[in-house]
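Chemist: A structural model of the following input is requested.
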Amino acid sequence: KGGAPRETDVRHAVESLDNPDSKFQVVLSSSDQMYKDITPGIREKLPVYSGDLLLIEHSAGSLTSQAYLKRMNRKNENLAQSAEQMSSVASYLTQSEYPQTKLNNSWELVLGSQMHDILPGTSIPVANNYAYNDEFIAENGFSESLKNALSIISSQLNTKAQGRAVIVYNPVAADRDDVVTAELEYPALPDNIKVFDANGKEVPSQVVSKNGNKLTFIFLAQVPSVGMAVFDVRETNAKPAKSNKLKATANSIENEYYKVLVGDNGDITSIYDKNLKKELLQKPASL
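Modeler: Residues are numbered from 1 along each chain as shown. Modelled structure (predicted):
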């Protein structure tokens, strides 16, 4: 299966030409000749098939089998791109060595899983076990290269801050506004924190949890395409700002525009528009 005819295939085909005791007529021709030879009479007798053409004896379900391998492959492709990009930047900024060998070794493992049966999910089970191992080894290689590059680049950034500097990396090839989750450790936890961007402008932030000496918080970060940005996390005694616009319970969420109700089974049972004074759903929106 696959590939061009082998030398023995050609020899056998030639030896079968014009063989008087053969029950088959062997013809050497181009691949499209079969379609050119179909007459109108033959065409009328051909069956018509409607539906997906499946190889029921082989590869059935290959789009859904081994989903974890497909996920690892895609994650590694994205990780490899980030590692290569930032390693190039780090090498340019500081003349540090580009991790060519580590990246090549990782890529070879990932590409090995893209062979014929492994990524489609039609391999024998033992082949998948080897592929899982290769994907994790490749992930370690890419991630270590990326972390090393980000560390080198961070050393070149202005991280002077009134509080604690937090660097955010955006691997996406587009400017990005997104919520970042960060965790900092303090000798004594502050009452609250405020987060500021490089221009000294406060950005929305919220403390999520306090566990021992660790403070977990979220904040809104604007980071350039395939770039990094420095944020200043400052301790404060100010109480968190309270908003009466947003209210949430176990089965509802409400602001000045809408009130949404969620049923016990996860269905959205109601969306009430306060401006229109109207229910927007005719029936529950089911999962």
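Chemist: from here on, contacts and neighbour counts on C-alpha atoms
Modeler: Fine.
Chemist: so for stretch 220-236, what's the average pLDDT?
Modeler: Taken as a whole, stretch 220-236 has a mean pLDDT of 97.
Chemist: What is the end-to-end distance of it?
Modeler: In stretch 220-236, first residue to last residue: 18 Å (C-alpha to C-alpha, to the nearest Å).
Chemist: likewise stretch 249-258?
Modeler: 14 Å.
Chemist: Quick one: distance of it to the chain centre.
Modeler: Distance of stretch 249-258 from its chain centroid, counting by C-alpha atoms, centre = their mean, to the nearest Å, is 31 Å.
Chemist: Which residues does that stretch contact?
Modeler: Here stretch 249-258 makes contact (C-alpha atoms under 8 Å, 6 or more residues apart in numbering) with 245-248, 259-264, 271-275.
Chemist: let's see 10 Å
Modeler: Here stretch 249-258 makes contact (C-alpha atoms under 10 Å, 6 or more residues apart in numbering) with 243-248, 259-264, 266, 268-280.
Chemist: Report the buried members of those.
Modeler: Buried members of those, counted by 16 or more other C-alpha atoms under 10 Å: 259, 260, 261, 262, 268, 269, 270, 271, 272.
Chemist: For residue 87, give its distance to residue 99.
Modeler: Using C-alpha to C-alpha, residue 87 is found at 7 Å from residue 99.
Chemist: Overlap in contacts, those two.
Modeler: 145, 146, 148, 149.
Chemist: Please tell me how far the third one sits from residue 87.
Modeler: Meaning residue 148. 8 Å.
Chemist: Between the two, which is the more surrounded one?
Modeler: residue 87 (26 against 17; other C-alpha atoms under 10 Å).
Chemist: just checking, what packs against the strand or helix carrying that one?
Modeler: Using DSSP states H and E, residue 87 sits within helix 67-94. With contacts defined as 3 or more C-alpha pairs under 10 Å, 6 or more residues apart in numbering; DSSP states H and E, helix 67-94 has these neighbours: helix 100-112, helix 125-154.
Chemist: Now tabulate the ones you listed in TSV and tack on mean pLDDT and distance to residue 40.
Modeler: Output for those, formatted as TSV (pLDDT from 0 to 100; distance: least, C-alpha to C-alpha, whole Å):
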stretch	mean pLDDT	distance to residue 40
helix 100-112	97	46
helix 125-154	96	47
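Chemist: which of those helices sits most buried?
Modeler: Of all these, helix 125-154 carries the top mean neighbour count, a mean of 18, counting by mean count of other C-alpha atoms under 10 Å.
Chemist: Can you check what angle separates that helix from helix 67-94?
Modeler: Helix 125-154 and helix 67-94 meet at an angle of 30 degrees, taking axes from the mean of the first three to the mean of the last three C-alpha atoms, to 10 degrees as the criterion.
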